[in-house]
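> Starting from these lines, generate the structure:
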Amino acid sequence: MGTRVVRAAAVVMTVVPLLFAAACGSSSDDTASDDSSMSAQASSSSPATPSSSPASPSTSPAPAGWAACGTVWKDGATLPARYRGCAEGGAAVPAHRIGCSSGQTIVTYAEHYFAVPGGLVKKTTAALKDSPVYAAAIATCRG
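Here you go, the predicted model:
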């Protein structure tokens with residue numbers, strides 16, 4: 001096994017448990033959020049990799065109070081525990097959720113960001129579909 005693979009595996013084994021542990025039972029910043037539709041949107045049958053980028057604004061205006069996507073989606077920031085989406089150019093960018101076997105969800109944004117609501121935002125250098133860190137998070141999520 002190459003040194004690069006061993007290092008990547010070590011990072012995944014360190015980061016992924018921390019990502020999920022940070023979100024369990026968290027009730028951090030609820031800015032731009034409402035939990036009422038969260039469980040309806042989460043589904044264990046959701047695809048592991050988004051087929052289209054949720055970073056594109058919808059044609060709907062963003063609800064009052066939704067934070068700008070550039071403010072929410074920063075590597076190392078905490079994703080609001082009740083995150084529903086963000087605003088980009090005044091338009092809504094709804095949360096793209098992937099359901100986990102534990103009932104938790106992973107939210108993705110712009111093909112390079114993912115987080116568990118209430119947990120730390122992770123930015124991948126590769127697109128999510130090509131990221132070993134994201135793949136490990138999905139594997140852990142799906143159990």
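
> Assumed T71 was part of a helix.
Yes - T71 sits within a helix when classified using DSSP: H, G, I helix; E, B strand; the rest coil.

> what's the neighbour count on it?
12 (other C-beta atoms under 10 Å). Bear in mind the C-beta positions are built from the backbone N, C-alpha and C, glycine included.

> Quick check: closest non-adjacent residue to it.
Leaving out its chain neighbours, the residue that sits closest to T71 by C-beta to C-beta, 6 or more residues apart in numbering is C86, at 7.6 Å.

> which residues does the one you found contact?
Contact analysis of C86 by C-beta atoms under 8 Å, 6 or more residues apart in numbering lists A32, A62, W66, A67, A68, C69, T71, V72, W73, V93, Y109.

> so the third one touches A91, yeah?
No - applying C-beta atoms under 8 Å, one finds W66 not in contact with A91, separated by 9.9 Å.

> Show me which of the two is the more surrounded one.
W66 (23 against 16).

> Any idea which helix or strand in the protein has the lowest mean pLDDT?
Within the chain, confidence by mean pLDDT, DSSP states H and E is lowest for helix 38-41 among all helices and strands, at a mean of 34.

> From E111, how far off is T105?
18 Å (C-beta to C-beta, to the nearest Å).

> So which of those two has more stuff around it?
For T105 versus E111, neighbours defined as other C-beta under 10 Å are more numerous around T105 (24 against 19).

> the helices in the protein, which residues?
Secondary structure of the chain by DSSP state H: the helices cover 3-23, 38-41, 69-72, 132-142.

> Lowest average pLDDT across those helices?
Across the helices of the chain, helix 38-41 has the smallest mean pLDDT, namely a mean of 34.

> I figured P61 hits A91, correct?
Yes - here P61 reaches A91: they are 6.3 Å apart, a contact under C-beta under 8 Å.

> Can you list the buried residues in stretch 60-71?
Under the neighbour-count criterion of 16 or more other C-beta atoms under 10 Å, stretch 60-71 has A62, W66, A67, C69 buried.
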